[in-house]
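Enquirer: Provide a 3D model corresponding to the input given below.
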Amino acid sequence: MRGMAGGAAIGLAVVFMWASFASAQTQDDETIHVPKTKTLFEKLIAENKPSAPAPKRDLNGAWTGPVGFIGHFPPYTPLGAERAKLNKSEPVYHLANTNDPLMTCDPLGFPRNIINETRGMRFAQLPDGMIILYQYQRAWREIWTDGRELPKSIDTKDGAPSRWYGYSVGHWDGDYTFVIDSVGMDDRTWLDTSGHPHSVDMRVQERYTRVDHDTLHMSVRIDDPKIYSSPFEELTDVTFKWIPNQELEEQLCVPSEAISYMNIIGHQSGNAEPAK
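Expert: Predicted coordinates for the structure are as follows:
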């Protein structure tokens, strides 16, 4: 995981720099600021270059977006509240007890992969569907547009088995908005870093609207009546920008590197114990 390996290196650097800054702080309590490196998305937003019009019914290409979002969740149902208690989310420097699947390089699954790790994605349109490839973990999804229906039931005797990235079908709403409906997501995955759970009966709808050639807006709606008291818009009009060189970075979660990261950051006492 170049992504997590990079994160471990950055995390250690921040810890050491913070300690150095604290010990070297002057008597007048002068503040020392660490310069922040802009992401490709931030650089493209800042450039604010004029764009050509959007092509009709065409999302083909590589896009970059922001990393991580703060969602607005409705109240839990009683079952949702019980499920939420099982997910132990911890701040980045107190990871000893977290059971976040990300920490062991389990698949992020859908929709967490578009909520927390959307640094880069590529749409590839086919005659019978759409393939979306994601920068993080080099994962992909198949969205069928050939008229097939979504499974009626999940993880039942006669139903379809749940999957990390579920089952998806799509259609165009006009010439510039592509709509994706998904079901059947494995309930071992979280919705975000805070540990919001979901059931296998969750339904998710994404809407991708190409505003112009270089700008794409995404909205995500979640409906999971077993866990949440009402449907909700998890994301609304999140902006993505066209990547000029159309190259996605390699960002992988490597289990051996994740173990080292947890032992150093999560178990600073040296007594590494797996989260329960």
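
Enquirer: How much space separates the closest residue to Pro55 other than its chain neighbours from Ile132?
Expert: Counting by Cβ to Cβ, 6 or more residues apart in numbering, His213 is the residue found nearest to Pro55 once chain neighbours are left out, at 7.0 Å. Where you see a C-beta, it was placed from the backbone N, CA and C, and this is true even at glycine. According to Cβ to Cβ, to the nearest Å, His213 and Ile132 sit 19 Å apart.

Enquirer: Could you check which of these two is surrounded by more residues?
Expert: Ranked by neighbour count (other Cβ atoms under 10 Å), His213 and Ile132 place Ile132 first, with 24 against 15.

Enquirer: these two touch, right, the more buried one and Thr118?
Expert: No: with contact defined as Cβ atoms under 8 Å, Ile132 does not count as touching Thr118 (10.6 Å).

Enquirer: what's near enough to touch the residue nearest to Pro55?
Expert: Counting by Cβ atoms under 8 Å, 6 or more residues apart in numbering, His213 touches Ser51, Ala52, Pro53, Ala54, Pro55, Trp242.

Enquirer: Let's see that with 6 Å instead.
Expert: Residues near His213 by Cβ atoms under 6 Å, 6 or more residues apart in numbering: Ser51, Ala52, Ala54.

Enquirer: would a markdown table of the residues you listed with secondary structure be doable?
Expert: Listed next are the contacts of His213 as a markdown table, based on DSSP: H, G, I helix; E, B strand; the rest coil:
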| residue | secondary structure |
| --- | --- |
| Ser51 | coil |
| Ala52 | coil |
| Ala54 | coil |
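
Enquirer: Got a ChimeraX select line for the buried ones in the residues you listed?
Expert: Under the burial definition 16 or more other Cβ atoms under 10 Å, those of these that qualify are selected in ChimeraX by:
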select :54
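
Enquirer: now the contacts of His213 in TSV, with distance to His198 and pLDDT?
Expert: Output for these, formatted as TSV (distance: Cβ to Cβ, whole Å; pLDDT from 0 to 100):
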residue	distance to His198	pLDDT
Ser51	36	96
Ala52	39	97
Ala54	32	98
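
Enquirer: what kind of secondary structure is Ile222 in?
Expert: strand.

Enquirer: measure the closest residue to it other than its chain neighbours to Tyr76 for me?
Expert: Closest residue to Ile222 apart from its sequence neighbours, by Cβ to Cβ, 6+ apart: Glu234 at 5.1 Å. Distance of Glu234 to Tyr76, computed by Cβ to Cβ: 15 Å.

Enquirer: Fine by me, thanks again.
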